[in-house]
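J.: coords please:
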Amino acid sequence: MGAVDVFDMQGRAAAASGSRSARRCRPAAALHGLIVNYTGFQTEFAAPRHRLELPTGYVTLVFTFSEGLWVTRTEDLGAARLRPASRAMVSGPRTVPAIGVHAGRVSGLEVNMAPMGAYRLFGVPMWHFEDAHVDLEEVLGPPGRHLTERLQSLGSWADRFALLDEVFCARLEHGPPSAPEVRGALARLWAGSAPLTRVTAETGWSARTLRARFREQVGLSPKAVARVFRLQHALRLLAAGTAAAHVAAACGYHDQAHLSREVKAMTGLPPSQFVRLRGGLAPGSALDRMPGRVTSVMLSG
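T.: Sure thing, here's the model as predicted:
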């Protein structure tokens, strides 16, 4: 288990209105490249909090130790229909936002995974998680049902992180391997170093075969992956205060209007509103799930 980072984030109003604390840790060395981090969290607010969760290309597993968490996934934030979250819930890669709402006081633990890490550790095709929040029991069976209780019964975040290391390391021997062609294409798309047609040609596969392998091992098509990674690049620049016209040019959008359409379609917010709600937070802040990523925006609270 890696070193533990501590984050404390106060409410938007006075500090007395509430706070969110988190303990973030890297997994065991054997899991590097598969799991990004573990985060134990606890919030104490007097009123409900609404978080907008943005597409990142990664997989999140959330264990909740208390009631009062609701989730939805939709392109239209105004039409979002919330449902109670399961106590151990997997959210796969997506191209649309999700909303998480909690009643003000909630605690739990989340695991952020690379998509092919989830493919190997869960041992099921990643299209299983497409456009859905999936209960861990559906993936792991009875052990998934009991893992939340085991984690909650432990007395410290360090012990909980260690249990997750134990569980996931034990699954390494049984999960399916990812294809090197998919790993290479995913890395190239993330870097934005080549167009999709060239990335496809480098695998030696047809576009149809690459799409099928990506849906199996990543959960999105190569084109959708490229959209998500370009969006993350744009959000990082927008959050840093870069003008929208310059962001559009730097990220390969046709023009500023194209950027605005894509940001609205994939986050539910126009760029100007995203910038306002982020409030100048840098990527990888205490609000975000992962280092270097723009993963979340507070909608209220």
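
J.: so how far is Leu54 from the residue lying farthest from the centre of the chain?
T.: Distance to the chain centre peaks in the chain at Gly204, reaching 30.0 Å (criterion: C-alpha atoms, centre = their mean). Using C-beta to C-beta, to the nearest Å, Gly204 is found at 33 Å from Leu54. C-beta: built from backbone N, CA, C; applies to glycine.

J.: surely Gly175 touches Arg120?
T.: Yes. Gly175 is within contact range of Arg120, at 3.8 Å (criterion: C-beta atoms under 8 Å).

J.: who's more crowded, these two?
T.: Arg120 (22 against 18; other C-beta atoms under 10 Å).

J.: and the host helix or strand of the more buried one, average pLDDT?
T.: Using DSSP states H and E, the element containing Arg120 is helix 115-122. Helix 115-122 shows a mean pLDDT of 95.

J.: what does that helix contact?
T.: 31, 33-35, 57-59, 61, 90, 92-93, 113, 125-126, 129, 139-140, 168, 171-172, 175-178, 182-183, 186, 216-220 (C-beta atoms under 8 Å, 6 or more residues apart in numbering).

J.: list only buried entries from these.
T.: 31, 34-35, 57-59, 61, 90, 92-93, 113, 126, 129, 139-140, 168, 171, 175, 178, 182-183, 186, 216-220 (16 or more other C-beta atoms under 10 Å).

J.: among these, which are located in strands?
T.: Among the buried ones among the contacts of helix 115-122, the residues falling in strands (DSSP state E) are Ile35, Val59, Leu61, Val90, Met113.

J.: and the two most separated of those?
T.: Greatest spatial distance among those (C-beta to C-beta): Ile35 and Val90, at 13.1 Å.

J.: okay, strands next: where are they in this protein?
T.: Using DSSP E, strands in the chain cover 4-10, 18-25, 35-45, 49-53, 59-64, 69-73, 83-84, 88-91, 98-102, 105-113, 133-135, 296-300.

J.: what does the average pLDDT come to for the second one?
T.: Yep, that's strand 18-25 we're talking about. Rounded mean pLDDT across strand 18-25 is 83.

J.: do the same with the first one
T.: Across strand 4-10, pLDDT averages out at 46.

J.: what of the last one?
T.: Mean per-residue pLDDT for strand 296-300: 87.

J.: ok now that strand, how far from the chain's centre?
T.: Relative to its chain's centre, strand 296-300 lies at 15 Å (C-alpha atoms, centre = their mean, to the nearest Å).

J.: so that it lines up with my notes, have the first residue be 12 from now on.
T.: Taking 12 as the first residue, the last one we looked at is strand 307-311.

J.: who touches it?
T.: Counting by C-beta under 8 Å, 6+ apart, 23, 59-65, 88, 110, 278, 280, 285, 288-289, 298-300 sit against strand 307-311.

J.: that one: which residues count as buried?
T.: In strand 307-311, counting by 16+ other C-beta under 10 Å, buried: Ser307, Val308, Met309, Leu310.

J.: beta partners of the first one?
T.: Under DSSP bridges, the beta-bridge partners of Ser307 are Glu64.
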